[in-house]
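Chemist: need the 3D shape of this:
(2 chains)
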Amino acid sequence: MGNFTPISSLLGGALIGLAAALLLLLNGRIAGVSGILGGLLERGTTDRGERIAFVGGLIAGPLLFALIMPRPTITIDVSVLTVIAAGLLVGYGTRLGGGCTSGHGVCGVARLSPRSLIATAVFMAVGIATVYVMRHLLAGAA
Amino acid sequence: MRIAVALIAGLLFGLGLTISQMIDPAKVLAFLDIAGDWDPSLALVMIGALFVATPAFGAARRSPRPLFGTSFAIPERRDNNVRLLGGAALFGAGWGLVGYCPGPALAGLAFGDWRTWLFVAAMITGMALQRATQRA
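Modeler: I've put the predicted structure just below:
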């Protein structure tokens, strides 16, 4: 537990919760990133402007942070093929399952939706199992 | 107004991901790696988010409509099916491979290198593939 950061994690989480609360109480929308992005890829989506504004804000948020704080580190230490496979799985899976860490994991769990509680348990468990296989089973064998 | 709200919500969301370091896939993988040098931080990101979001969903339930809209678009489905479980499992596998879920991947575009861009391109392709095969 060498890198445990409880204060910044709670604070960052609270901001994510605030974003979800604002989008819900003011616009009546769920702050699910895969759903908001996915809707932009479809014909017949009427609230395109709002979706683009949210995604734009999401991309600009870290830039705002870096104005006063050191720029965030982003470390990806896997092969090109793994990045492509992971992206395809995340995109396909979140649309098939109707949500990701924000839509199911935060908004769905906050309203105790049975579907979201199950989805969150499943993607957490599979994520943990995947890391275990990659880091502890395959890494040892290679 | 709705567009301004969406922009502010997106900014706060991106700030939250940055402050909590969830924007860094290495931090996420350290949370998922319970057999290694486990970093429980991400659980506190969830707790912090739920601490604020849960009362908001309670308030929405008691409220007739959102401030700038006519109705709440809250999913009402309650069935659990193969699509839900399969989708969550595929997503979990992709999440565990790199440490990116959709929010941090988009938020990482400004400071990540080409790998972040490649991930987002693949993710959007995956979303489009899902929609294309759904109707077939």
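Chemist: helix, strand or coil for the nearest residue to B:G96 once chain neighbours are set aside?
Modeler: Setting aside the residues directly before and after it, B:G96 is nearest to A:T130 in space (CB to CB, 6 or more residues apart in numbering or on different chains), at 2.8 Å. (Each C-beta comes from the backbone N, C-alpha and C, glycine too.) Under DSSP: H, G, I helix; E, B strand; the rest coil, A:T130 falls in the helix class.
Chemist: before we move on, what SS does the residue most central in space within chain A have?
Modeler: Computing the C-alpha centroid of chain A and ranking residues by CA atoms, centre = their mean puts A:T101 first, at 4.5 Å. The local conformation at A:T101, judged by three-state DSSP, is coil.
Chemist: per-residue pLDDT of the closest residue to it other than its chain neighbours, please?
Modeler: Using CB to CB, 6+ apart and skipping the chain neighbours, the partner closest in space to A:T101 is B:C101 (4.3 Å). With respect to pLDDT, B:C101 scores 97.
Chemist: isn't B:C101 right up against B:W95?
Modeler: Yes. Contact criterion CB atoms under 8 Å: B:C101 and B:W95 qualify, at 5.3 Å.
Chemist: which of these two has more residues huddled nearby?
Modeler: Each of B:C101 and B:W95 has its neighbours counted (other CB atoms under 10 Å in any protein chain shown); B:W95 has more, 31 against 27.
Chemist: name the nearest residue to that one, ignoring sequence neighbours.
Modeler: Nearest to B:W95 is A:G127, by CB to CB, 6+ apart, at 4.5 Å.
Chemist: cool, and A:L22?
Modeler: Closest residue to A:L22 apart from its sequence neighbours, by CB to CB, 6+ apart: B:A9 at 4.9 Å.
Chemist: was I right about that neighbour contacting A:G57?
Modeler: Yes. Counting by CB under 8 Å, B:A9 touches A:G57, with 6.7 Å between them.
Chemist: who has more neighbours out of the two?
Modeler: Neighbour tally, B:A9 and A:G57, criterion other CB under 10 Å: the higher count belongs to B:A9, 28 against 23.
Chemist: secondary structure class for the more buried one?
Modeler: Classification of B:A9 by three-state DSSP places it in helix.
Chemist: and the pLDDT for it?
Modeler: pLDDT, read off for B:A9, is 98.
Chemist: nearest residue to B:V98 other than its sequence neighbours?
Modeler: B:V98 sits nearest to A:A86 (CB to CB, 6+ apart), 4.1 Å away.
Chemist: run the chain-centre distance for stretch B:105-112.
Modeler: 14 Å (CA atoms, centre = their mean, to the nearest Å).
Chemist: ok, that stretch near chain A or not?
Modeler: Yes. For stretch B:105-112, a contact with chain A is found by CB under 8 Å from any CB of the partner chain, at B:105-112.
Chemist: helix or strand: which one has the most centrally placed residue in chain B?
Modeler: Chain B has B:G103 as the residue nearest its centroid, 4.7 Å off, counting by CA atoms, centre = their mean. Using DSSP states H and E, B:G103 sits within helix B:102-107.
Chemist: next SSE after that helix?
Modeler: helix B:114-135.
Chemist: can you tell me what sits against that next one?
Modeler: A:34, A:37-38, A:41-42, A:74, A:76, A:80, A:83-96, B:98, B:100, B:102, B:105-106, B:108-109 (CB atoms under 8 Å, 6 or more residues apart in numbering or on different chains).
Chemist: do the same with stretch A:72-89
Modeler: Stretch A:72-89 is contacted from outside by A:62, A:65-66, B:18, B:21, B:23-26, B:90-91, B:93-95, B:97-100, B:105, B:108, B:111-113, B:115-116, B:118-123, B:125-126, B:129, using CB under 8 Å, 6+ apart.
Chemist: chain center to it: distance?
Modeler: On CA atoms, centre = their mean, the centre of stretch A:72-89 falls 15 Å from that of its chain.
Chemist: pull out the buried residues from that stretch.
Modeler: Neighbour-count burial for stretch A:72-89 flags A:72, A:74, A:76, A:78, A:82-89 (criterion: 16 or more other CB atoms under 10 Å in any protein chain shown).
Chemist: need the per-residue pLDDT for the residue nearest to B:W95.
Modeler: At A:G127, the model reports a pLDDT of 98.
Chemist: out of the buried residues of stretch A:72-89, list just those in helices.
Modeler: A:82-89 (DSSP state H).
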